[in-house]
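In: build me a structure from this.
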Amino acid sequence: MLYQRESGFIDIVIEPQFKDYSFGSQLCSVRSTDLSTLMSMKNSVRGEIDFNQYDPMYPFTGFGYLDDLARELKTRSLLQFVDPAERNFTRTPAAFIYLGFEEPDQWGIDGDTWQGEIYPDDVHHFQFSVDACFEYFRVWPLFHVPAALREEVQP
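Out: So this is what the prediction gives:
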């Protein structure tokens, strides 16, 4: 879906490589005509911004979830009418950052907050293999491998 913002245009789509990243809401690519437009969307766009110098229309792409984007843009139509992209236009992520909130226990005490970096192949396994029941779990793409992940695999 195409939207006009104060400093430029954004186009929100679901890239094929992110169609399986739906954790209560769908991970979307937010393509933008300029960087300041994405930077102004700090309540819904997180992770790294991908830059494609060969895309004359939308060289900057950020990432957000449909429900967060709908709140920021103040429109519910986004939840129903977002366009699937026919092809990937951003690089394949090297890793993801994640954020998870555990459900409160039976006494109403809030659960822990989980955050960190994770490899793409481990995202779905991690969500269900840790000893936690998440009421909120989200990931956002990174296009480099963070030092913390590189250090984990070294003997």
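
In: can we go C-alpha only for contacts and neighbour counts from here?
Out: Will do.

In: just want the most central residue of the protein.
Out: Trp140 (3.5 Å; CA atoms, centre = their mean).

In: which other residues reach the helix or strand that residue falls within?
Out: Assessed by DSSP states H and E, Trp140 sits inside strand 134-142. For strand 134-142, contacts defined as CA atoms under 8 Å, 6 or more residues apart in numbering pick out 21, 23-24, 27, 46-48, 63-64, 93-103, 127.

In: next one: stretch 81-99
Out: Contacts for stretch 81-99 (CA under 8 Å, 6+ apart): 1, 12-17, 47, 50, 52, 61, 113-120, 136-146.

In: next: stretch 27-44.
Out: Taking CA under 8 Å, 6+ apart as the rule, stretch 27-44 contacts 5-15, 18-19, 21, 45, 57-66, 68-69, 72, 140.

In: one more time with 7 Å
Out: Defining contact as CA atoms under 7 Å, 6 or more residues apart in numbering, one finds that stretch 27-44 is touched by 5, 7-15, 18, 21, 57-66, 68-69, 72.

In: narrow these to those that are buried.
Out: Buried members of the contacts of stretch 27-44, scored by 16 or more other CA atoms under 10 Å, are 9-15, 18, 21, 58-66, 68-69.

In: show me these that map onto helices.
Out: Under the assignment DSSP state H, these contribute 66, 68-69 to helices.

In: tell me the domain ranges of this structure?
Out: 2-84, 95-153 (automatic domain parsing).

In: just name the most buried of those.
Out: Among the domains of the chain, ranked by average contacts under mean count of other CA atoms under 10 Å, first place goes to domain 2-84 (a mean of 17).

In: what residue ranges in this protein score low on pLDDT?
Out: Within the chain, the ranges that satisfy pLDDT under 70 run 106-109, 153-155.

In: the closest residue in space to Pro141 that isn't next to it in sequence and Ser40, how far apart?
Out: Ranked by CA to CA, 6 or more residues apart in numbering and with sequence neighbours excluded, the top spatial neighbour of Pro141 is Phe96, at 4.5 Å. Distance, Phe96 to Ser40, by CA to CA, to the nearest Å: 22 Å.
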